[in-house]
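> I would like to see how this sequence folds:
(one chain, ligands or ions: 2)
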Amino acid sequence: MSADAATPAAPVCLVLERPEPDGDGIARRIERHLIAIGRNDLRGRVHPIDWVLSHHDHLALETLAETRVSYRAAFPFDGQELPDAVGAPELEDLLVPPPSTLEERTWRVPVEETRTIEECPGCEGAGRVTCGRCGGDGETTSGFGKDKKTSRCGRCAGSGNVQCSSCEGSGKVLELRIDEVRWEVHQDFDGDEAPPPYHLLHGAGATVEVIESDDLREEHLERLEPDLVEKARALVATADARDGTVRRQRLRVTYAPVLEVRYRLDPATRPDGEPDGPATEGRLWIVGTTEQVYAPGIRRTWMNLFIALVIVFALLNVMLVGFLLAAAVGVAFG
Ligand SMILES: [Zn+2]
Ligand SMILES: [Zn+2]
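Ligands and ions are numbered 1, 2, ... in the order given. Here you go, the predicted model:
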């Protein structure tokens, strides 16, 4: 943990594109949307009635939590001289730097000071165990009836026992403590679910702020917009309630302005100049700093897409004919 990593992050200020919406501007944005979705038939017929500016936010907190465990492990012992063991460090006192980024990792260290030499539990000190293939008989049988044959066991060479794998034949094992430090990443989320859909906001130039620290504290959260502080606090509390020590946290705040517009859709005009039915009302949303329009009541026409597909198909045909001609010329003169 470096000293500057513990210093609070630079002040966070959510830059909000919050122009005061006006009816003309909204009408112009709707017109552009109608052209984009191929609804020229609706141009000049969609009129904003009233609107309310709010915002959409989504908070995601990643937490790197550290847990520590120790266990004993046994290894074959070949009888070498061992220096006297001195006091072993406590698991909690181990100095291991956490990963500098939010990534999962496991760190294991054998604590030499805790070693002891024990009789091998696998062979009770004998160094050899009963052969698993012949069951100690030293021979195996194959075939049935008069074809039945007995032969010397290939694994133990007829002795009925094999070298113990736990101690590699020495009858003794070296036991010691293994300390394990594990870093895991947990994720917690908070976000509005109301329309427009979240995926739309992501492509709509939402403001994204990131606060990263060893441990998010109150002074970090207070830099957020007031209505986000409470949500961020709840996320941090959820992360703190988990097992393990918090080693690093990253809070990502996605924040987008959302303008909800109630509109009137005028009917089309019949050839005789009369309106073709009554006017209707609907609701649409203009979201993000790039002002994407989400209008579930006004559907796109697929004519533009159809024309594009026809053009692509025609181009492919021209290319194919070109290739065939080139190939024919190649055959004739090659
Ligand atoms: Zn053994
Ligand atoms: Zn055998």
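
> For ligand 2, what's its nearest residue on the stretch 201-334 of the chain.
Closest contact between the stretch 201-334 of the chain and ligand 2, by CB to the ion, is at D243 (48.2 Å). C-beta: built from backbone N, CA, C; applies to glycine.

> show me the contacts for that residue.
By CB atoms under 8 Å, 6 or more residues apart in numbering, D243 lies in contact with A65, T67.

> and it, that's in a helix?
No - counting by DSSP: H, G, I helix; E, B strand; the rest coil, D243 is not found in a helix; it is coil.

> for it, phi and psi?
The phi/psi pair for D243 (degrees, to the nearest 10) reads phi -70, psi 150.

> go on, the one 5 residues further on?
Note on R248: its backbone torsions stand at phi -160, psi 140 [degrees, to the nearest 10].

> roughly how far apart are it and ligand 1?
44 Å (CB to the ion, to the nearest Å).

> oh, and call the first residue 48 from now on, that's how I've got it
From this message on, residue numbering opens at 48, which makes the last subject R295.

> How about that residue: what's its closest non-neighbour residue?
Nearest non-adjacent residue to R295, counting by CB to CB, 6 or more residues apart in numbering: L111, 4.0 Å away.

> what about the one you found, how many neighbours?
Neighbourhood size, L111 [other CB atoms under 10 Å]: 24.

> tell me, which helix in this structure spans the most residues?
helix 350-380 (DSSP state H).

> Would you quantify the distance from A121 to ligand 1?
For A121, the distance to ligand 1 - CB to the ion - is 10 Å.

> and that residue, what helix or strand is that in?
strand 93-123 (DSSP states H and E).

> Hmm, G179 is touching G207, no?
No - between G179 and G207 there is no contact, the gap being 11.0 Å when judged by CB atoms under 8 Å.

> Who has more neighbours out of the two?
Shown here are G179 and G207; by other CB under 10 Å, G207 has more neighbours (16 against 10).

> how close does the more buried one sit to ligand 2?
Counting by CB to the ion, the gap from G207 to ligand 2 is 6 Å.

> Could you list the contact residues of this structure toward ligand 2?
With CB under 5 Å from the ion as the criterion, the chain meets ligand 2 at residues C178, R180, C181, C200, R202, C203.

> just those that are near ligand 1?
Applying CB under 5 Å from the ion to the residues of the chain next to ligand 2, none is adjacent to ligand 1.

> Separate out the buried members of the residues you listed.
C178, C181, C200, C203 (16 or more other CB atoms under 10 Å).

> Turn those into TSV, including pLDDT.
Shown next, in TSV, are those (pLDDT from 0 to 100):
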residue	pLDDT
C178	94
C181	91
C200	92
C203	93
